[in-house]
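Asks: dropping the sequence and predicted coords here.
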Amino acid sequence: QVQLVQSGGGLVQAGGSLRLSCAASGLSYSSYTMAWFRQAPGKEREFVAGIRWSDGSTYLVDSVKGRFTISRDSAKNTVYLQMNSLKPEDTAVYYCAQGPALTTLETRYNFWGQGTQVTVSS
């Protein structure tokens, strides 16, 4: 059984930085994607960034490009989301997810982390 365990997050002032981590276990194959989604209060969950585990290729949505970086540590089976220049509108619960392909579609991801709160104060 695949398990995704998140860490990081918290409260930060606008312009600050945070790093989220997501450690995966139970994966028995090498071709998959890890992604980060977020859900702000009263809004639907949205894709933020994804990384193909096999080659490290990434995709980030325009609203976070230049501020967020997604990366992986294959030895630790861990994916990271480095968030810099945070804005109040980045406030949300952030989720990591695992799926077979790099896509922004939430329904294509099979396994999810427990979620972690990121709050950016103005």
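Replies: Yes, it's here.

Asks: the residue nearest to the spatial centre of the chain and Ser122: what is the separation?
Replies: Centroid check for the chain by CA atoms, centre = their mean gives Trp36 as the closest residue, at 2.3 Å. Distance of Trp36 to Ser122, given as CB to CB, to the nearest Å: 23 Å. Heads up, the C-betas are built off the backbone N, CA and C, glycines and all.

Asks: chain center to stretch 103-113, what's the gap?
Replies: The chain centroid and the centroid of stretch 103-113 are separated by 11 Å under CA atoms, centre = their mean, to the nearest Å.

Asks: okay, buried residues for that stretch please.
Replies: Neighbour counts over stretch 103-113 (16 or more other CB atoms under 10 Å) mark Glu106, Tyr109, Phe111, Trp112, Gly113 as buried.

Asks: start to end distance for that stretch?
Replies: 17 Å (CA to CA, to the nearest Å).

Asks: tell me the mean pLDDT over it?
Replies: Stretch 103-113 shows a mean pLDDT of 96.

Asks: pull the CA atoms of stretch 3-12 into CSV?
Replies: Extracted in CSV, the C-alpha atoms of stretch 3-12 (Å, rounded to 0.1, in the frame of the first residue of the first chain):
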residue,chain,number,x,y,z
GLN,A,3,1.6,5.9,1.8
LEU,A,4,2.5,9.6,1.5
VAL,A,5,3.5,11.4,4.6
GLN,A,6,3.8,15.2,4.5
SER,A,7,5.8,17.5,6.7
GLY,A,8,6.5,21.2,6.7
GLY,A,9,4.2,24.1,6.3
GLY,A,10,3.1,26.6,8.9
LEU,A,11,2.7,30.3,9.3
VAL,A,12,4.9,32.8,7.5
